[in-house]
Every structure is written in structure tokens, then in C-alpha cells.
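A.B. asks: One predicted model, sequence on top.
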Amino acid sequence: MTNRRENLRMVGKLAVITVGMFAFGYALIPIYKHICEMTGINILSLSEKQVPGGGSAGRNVDVANTQVDKTRTITVEFDANVRGPWEFKPASSSVQVHPGELTTVMYEFRNVQNRRMSAQAIPSYAPNQAAAHFNKVQCFCFQQYTLEPGERKEWPVAFVIDPKLSKDVTTITLSYTFFEVGGKTPPAPI
């Protein structure tokens with residue numbers, strides 16, 4: 001009988017601990033938010049409140065992205081190559097960006113064959129040192145695509161150039177080669 005009583009007492013203690021853990025887990029979100037507001041660690045918490053020292057009372061002030069280097073402009077050129085029966089090109093040949101700024105460029109694709117085809121794009125960069133600083137957030141090159149005969153699509157490339165990129169780099173060329181997956185690849189042009 002004492003073993004049973006001890007077991008019930010242990011189950012009760014474990015139940016209290018379990019309920020306490022769940023309550024603590026739910027309390028973490030407001031606790032974290034409060035700590036961030038007090039210390040100013042999380043800049044996202046400032047978007048819900050008035051930024052200290054900015055604007056007039058009761059008005060929200062947009063917080064500037066301090067990671068964008070407005071003192072520099074980099075030209076990003078876009079190149080498109082195909083290995084196979086595709087039409088493939090960027091919507092614009094180049095853009096001017098500031099390091100740290102999110103930029104999106106569209107690429108256009110068209111299957112000119114009379115059959116369904118799957119393809120994928122492989123990127124390359126010039127100068128080569130830019131590759132480590134060219135951060136793609138969204139890119140059609142992350143996966144393969146299947147297009148029906150004559151089907152046309154547009155897909156985005158969203159990227160940010162790391163402000164740590166050497167200041168002597170003023171132009172980056174992003175080149176994609178789009179090729180059929182699983183099909184016959186034509187020989188390289190001469």
C-alpha cells in the first residue's frame with residue numbers, strides 16, 4: 001500500500017512539473033517580447049511601438065534598414081545561356097543595387113519543343129569572389145521545372161549582396177545556363 005501511495009504522489013509531482021513546463025513555454029513569448037522592448041535587442045519590436053527619439057507623439061516611424069550600404073552602388077548584369085531547345089532570358093539586362101538591399105529580377109522561360117521537357121538552371125558569377133557575397137533568397141535555380149510544349153513561365157531571383165563584398169567590385173555578372181534534365185544535351189557551340 002505504501003508503494004502505491006508513493007507512486008501516486010510521484011505521478012502527481014510529474015503532472016505538476018508537466019503543467020508547469022507547458023505554462024512556462026507559453027509564457028516565453030511575452031517574456032521574450034518584453035525583454036526585447038526593454039533592451040532594444042530586437043529591432044522588430046520597435047515596429048509596433050514609436051521609435052524612441054523619432055517623429056511626433058502617437059505616430060509610428062519606419063525604422064531604416066541599417067544593413068543597406070547607401071554609399072555604394074553595384075551594377076548587377078544578368079546573362080542567360082541555354083543548352084537545349086529553350087527560350088530563356090532575364091526581364092532586364094542589369095540593375096543598380098546597394099549592398100544589403102533586397103532586389104528581385106524576373107527571368108522568362110519558354111519550351112519551344114513539341115514535347116514536355118524538364119530543365120534546371122545552374123548559376124555562375126563574375127568576378128568569382130562575388131559568389132560568396134551574392135546571397136539568393138529565392139531562385140528558380142533551386143529546383144528543376146517541367147514545361148509543357150509551348151508553355152511560357154516567369155520565375156524570380158531575389159537576392160542580397162553582402163555589404164562585406166570588396167569595395168573594388170562595382171559590377172557583378174550573374175550568368176545562368178539552363179539545360180534539359182534527363183534528355184539529350186546538344187554539343188557545346190563552337
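C.D. replies: Yep, that arrived. Residues are numbered from 1 along each chain as shown.
A.B. asks: Could you list the low-confidence segments of the chain?
C.D. replies: Flagging of the chain using pLDDT under 70 yields the residue ranges 36, 39-66, 183-190.
A.B. asks: Find the centremost residue of it, please.
C.D. replies: By CA atoms, centre = their mean, the mean C-alpha position of the chain lies nearest to residue 137, the distance being 2.2 Å.
A.B. asks: Could you list the residues in contact with the helix or strand where residue 159 lies?
C.D. replies: Assigned by DSSP states H and E, residue 159 belongs to strand 152-161. Contact partners of strand 152-161, identified using CB atoms under 8 Å, 6 or more residues apart in numbering, comprise 74, 76, 91, 97, 99-111, 130, 133-141, 145, 147, 172, 174. Heads up, the C-betas are built off the backbone N, CA and C, glycines and all.
A.B. asks: quick one, strands of this protein?
C.D. replies: With DSSP state E applied, the chain shows strands at 74-83, 86-90, 94-97, 103-111, 117-126, 134-139, 145-147, 152-161, 171-180, listed in chain order.
A.B. asks: List the buried residues of the fourth one.
C.D. replies: Pointing back at strand 103-111 there. Residues of strand 103-111 classed as buried: 105, 107, 109, 111 (neighbour count, 16 or more other CB atoms under 10 Å).
A.B. asks: would you turn these into TSV with distance to residue 161?
C.D. replies: TSV is the format used below for these (distance: CB to CB, whole Å):
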residue	distance to residue 161
105	13
107	18
109	24
111	32
